[in-house]
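Undergrad: using only what follows, build the 3D model:
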Amino acid sequence: MAIRMDYLSRLEEAKSMPDIFELVKSLVLKSMGKSRGGLMLGLANLGNNPQTFLGGFFATGSNVIVLNRIPLQRIKETRPEIFKPYVFHVLLHEYIHSLGFLDEAEVRSRVLALSREALVRSRVLALSREALGEKHLATMMAEDCGGFISYLAYPGLAWRGEDEKMELVEGFDRSSASYIA
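TA: Next comes the predicted model:
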């Protein structure tokens with residue numbers, strides 16, 4: 001319970017995406033014994049489609065996690081209180097991908113499996129439950145992000161991202177970059 005309170009308070013106190021990412025890394029290291037440094041976070045317009053939602057991705061073989069700006073913008077317009085849980089959920093999902101868990105189809109088939117052999121989404125759910133509790137928004141998103149789609153995508157509108165510019169978030173993986181002058 002003390003662990004849960006620590007993660008809950010740290011997420012609540014987080015002021016930026018880098019703060020939330022440091023929390024994600026801490027949780028994954030503590031729970032899975034795995035870590036990876038030197039990651040960057042890019043924000044880009046990846047488009048909007050309520051039927052095939054894309055919150056972000058990890059570019060395999062790279063050191064970049066990319067988050068879709070559209071859901072971040074939509075959250076600010078509809079339910080700002082889910083911003084931190086959403087960012088926590090997506091960063092946790094993509095960070096686990098960056099650790100080598102890549103098969104999304106297998107991930108989806110094991111959504112609620114909590115075994116050691118389970119992959120990304122089930123690990124996200126288990127870690128969210130462990131750190132934040134069953135009723136936390138990030139845990140609910142890990143279990144079924146579809147219930148939040150109206151707050152993440154613009155309804156009835158679909159478009160591909162046309163602006164291919166990606167903005168890098170400064171100070172993202174700061175605990176891994178302390179040796180850089």
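Undergrad: pull the CA atoms of stretch 64-82 into PDB?
TA: The C-alpha atoms that make up stretch 64-82 are tabulated as PDB, following Å, rounded to 0.1, in the frame of the first residue of the first chain:
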ATOM      1  CA  VAL A  64      12.400   7.600 -29.900                       C
ATOM      2  CA  ILE A  65       8.900   7.300 -28.400                       C
ATOM      3  CA  VAL A  66       6.400   9.400 -30.300                       C
ATOM      4  CA  LEU A  67       3.100  10.600 -28.800                       C
ATOM      5  CA  ASN A  68       0.200  11.800 -31.000                       C
ATOM      6  CA  ARG A  69      -0.500  15.500 -30.200                       C
ATOM      7  CA  ILE A  70      -4.200  15.100 -31.200                       C
ATOM      8  CA  PRO A  71      -5.300  13.100 -28.100                       C
ATOM      9  CA  LEU A  72      -3.300  15.400 -25.900                       C
ATOM     10  CA  GLN A  73      -5.100  18.400 -27.300                       C
ATOM     11  CA  ARG A  74      -8.500  16.700 -27.100                       C
ATOM     12  CA  ILE A  75      -8.000  15.800 -23.500                       C
ATOM     13  CA  LYS A  76      -7.200  19.400 -22.600                       C
ATOM     14  CA  GLU A  77     -10.500  20.400 -24.300                       C
ATOM     15  CA  THR A  78     -12.700  17.700 -22.700                       C
ATOM     16  CA  ARG A  79     -11.300  16.300 -19.500                       C
ATOM     17  CA  PRO A  80      -8.000  17.800 -18.400                       C
ATOM     18  CA  GLU A  81      -7.900  15.600 -15.300                       C
ATOM     19  CA  ILE A  82      -7.200  12.600 -17.400                       C
END
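Undergrad: buried residues in it?
TA: By neighbour count on 16 or more other CB atoms under 10 Å, the buried set for stretch 64-82 is 64-72, 74-75, 82. All C-beta spots, glycine's among them, are computed from the backbone N, C-alpha and C.
Undergrad: for stretch 32-39, same thing?
TA: Going by neighbour count (16+ other CB under 10 Å), the buried part of stretch 32-39 is 36, 39.
Undergrad: show me where the chain has strands.
TA: With DSSP state E as the definition, the chain shows strands at residue ranges 40-44, 56-58, 64-68, 166-168.
Undergrad: hang on, the earlier thing: can the buried residues of stretch 64-82 go into a markdown table with extra columns for pLDDT and distance to Lys34?
TA: Below are the buried residues of stretch 64-82 laid out as a markdown table (pLDDT from 0 to 100; distance: CB to CB, whole Å):
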| residue | pLDDT | distance to Lys34 |
| --- | --- | --- |
| Val64 | 95 | 19 |
| Ile65 | 96 | 16 |
| Val66 | 94 | 21 |
| Leu67 | 94 | 21 |
| Asn68 | 91 | 25 |
| Arg69 | 91 | 28 |
| Ile70 | 87 | 30 |
| Pro71 | 88 | 27 |
| Leu72 | 92 | 27 |
| Arg74 | 88 | 32 |
| Ile75 | 88 | 29 |
| Ile82 | 87 | 27 |
